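> no sequence for this one, just the structure:
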């Protein structure tokens with residue numbers, strides 16, 4: 001089992017920055033690729049970013065490329081999502097997830113999920 005806890009969400013204005021954190025406990029953290037997904041009201045959960053177990057591989061959804069940066073610190077069992085130039089369309093609940101995958105963008109590849117943290121961007 002892997003337990004995941006997100007933090008760092010909040011209410012910000014468009015153009016601001018936030019850094020989300022995901023704290024992991026349980027099984028060996030660096031056995032897993034880690035991903036961020038988000039779900040806006042009335043919409044399906046969607047992929048945001050993923051990082052491989054050693055950080056060598058990262059992928060982003062097109063709409064966040066150049067604005068969001070995913071990173072991890074295996075020594076601290078932590079993963080981060082730095083979000084710059086936030087837009088109202090980034091408003092969603094953000095979830096971190098862990099999976100035994102190279103770096104999948106598909107939610108089905110992830111076995112463990114956090115409870116989510118709300119990000120609200122006002123215009």
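Sure thing, it's come through. Not measured: the values here are computed from a predicted model.

> What sits closest to the residue nearest in space to the middle of the chain if chain neighbours are left out?
Central residue of the chain (C-alpha atoms, centre = their mean): residue 36, 2.3 Å from the mean position. Excluding its sequence neighbours, the residue lying closest to residue 36 (C-beta to C-beta, 6 or more residues apart in numbering) is residue 48, at 4.2 Å. From N, CA and C alone the C-beta is placed, and that goes for glycine too.

> The nearest residue to residue 92 once chain neighbours are set aside: neighbouring residues, count only.
Spatial nearest neighbour of residue 92, excluding adjacent residues (C-beta to C-beta, 6+ apart): residue 38 at 3.8 Å. Using other C-beta atoms under 10 Å, residue 38 is surrounded by 23 other residues.

> For residue 20, name its beta-bridge partners.
Beta-bridge partners recorded for residue 20 (DSSP bridges): residue 81.

> and stretch 31-51, how far from the chain's centre?
6 Å (C-alpha atoms, centre = their mean, to the nearest Å).

> Quick check: mean pLDDT of that stretch?
Stretch 31-51 shows a mean pLDDT of 97.

> Repeat that for stretch 83-94.
For stretch 83-94, the per-residue pLDDT averages 98.

> check contacts around the residue nearest to the centre of the chain.
Neighbouring residues of residue 36 by C-beta atoms under 8 Å, 6 or more residues apart in numbering: 20, 22, 48-50, 70, 79, 81, 94-97.

> Now it: which helix or strand?
strand 33-39 (DSSP states H and E).

> just the angle between the helix or strand that contains residue 120 and strand 33-39, please?
Taking DSSP H and E as the criterion, the element that holds residue 120 is strand 117-122. Interaxial angle, strand 117-122 versus strand 33-39 (axes from the mean of the first three to the mean of the last three C-alpha atoms, to 10 degrees): 50 degrees.
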